[in-house]
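In: Here is my input, please return the structure:
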Amino acid sequence: MRWLAVALLFWALPAAAVTCEDVSYAGNSYTVCTVDAAQEDLRLFHKDADGAVIGSFGAIEALPDVGSLAFAMNAGMYHDDRSPVGHYLEGGVEVMRVIPNAGPGNFGLLPNGVLCITDTTAQVFETLTYVAKAPACRDATQSGPMLVIDGALHPRFLPDSTSRFIRNGVGTSADGTQAVFAISNTSVTFHEFGSFFKDYLALPNALYFDGKVSRLYSRAQGRSDFGFQLGPMVAVIE
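Out: Purely as a prediction, here's the structure:
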């Protein structure tokens, strides 16, 4: 009956609400972290209480009254001073307004979008939809371009593109209960990265965070990427 006791113990344990795994798709490697937004403490981080840019995953854990990290990732493009390029909202306080117009670089490759986080949901909105709906986000970060818009790949992505980078982004389920973060472990094109969210992860909306500076922290995998100091970050705190 030992197997029964082990089985009962297994079923008594709470399900992990953050899971990270390595997957292969269409010849490329990705790490995917799925967050149960209804259960987990999913938040954005940019500056500490003194107004200093936090800048790294380890510095998040060093903040007072913050528990240990389960997961973290860079979460949106930033200027040289590490201020957000687009809309940024943290703890209900708006740091940067919404930027709805086209512009240079990947951020201005419309449509771009916004990740909106509440206490129980996480949803990616195309920017103009976000402005029209004005959802009650606790935290929000704008980035671009969108990878997937209402189930369709971004129209500007080219299958024969030669621009390859390590890239990261986020997609959300239709009901907002699941946020799926992904980073490529091999250099990928926008078309390959968007197709991964659309066809493999089957998410209706997904948003690009960045390339070249893309980084991930996963406690379960023993992974903590190093590199340049970061601007906005998204993390699950335990």
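In: tell me the SS of residue 191?
Out: helix (DSSP: H, G, I helix; E, B strand; the rest coil).
In: any idea how far it is from residue 26?
Out: Distance from residue 191 to residue 26, counting by Cβ to Cβ, to the nearest Å: 10 Å. Every residue, glycine included, has its C-beta placed from N, CA and C.
In: And for residue 208?
Out: 18 Å.
In: Neighbour count for these two, which is higher?
Out: A direct count of neighbours by other Cβ atoms under 10 Å for residue 208 and residue 26 places residue 208 higher, at 28 against 10.
In: beta partners of the residue nearest the centre of the chain?
Out: Central residue of the chain (Cα atoms, centre = their mean): residue 170, 4.0 Å from the mean position. Going by DSSP bridges, residue 170 is paired in beta bridges with residue 181, residue 207.
In: Surely it is in contact with residue 207?
Out: Yes. Between residue 170 and residue 207 there is a contact under Cβ atoms under 8 Å: 5.6 Å.
In: Overlap of the contact sets of those two?
Out: 115, 124 (Cβ atoms under 8 Å, 6 or more residues apart in numbering).
In: For residue 196, give me its contacts.
Out: Counted by Cβ under 8 Å, 6+ apart, residue 196 has contacts 25, 26, 28, 30, 182, 184, 188.
In: so what's the backbone phi/psi at it?
Out: Per-residue torsions, residue 196: phi -60, psi -50 (degrees, to the nearest 10).
In: Check residue 67 and give its pLDDT.
Out: You'll see residue 67 listed with a pLDDT of 85.
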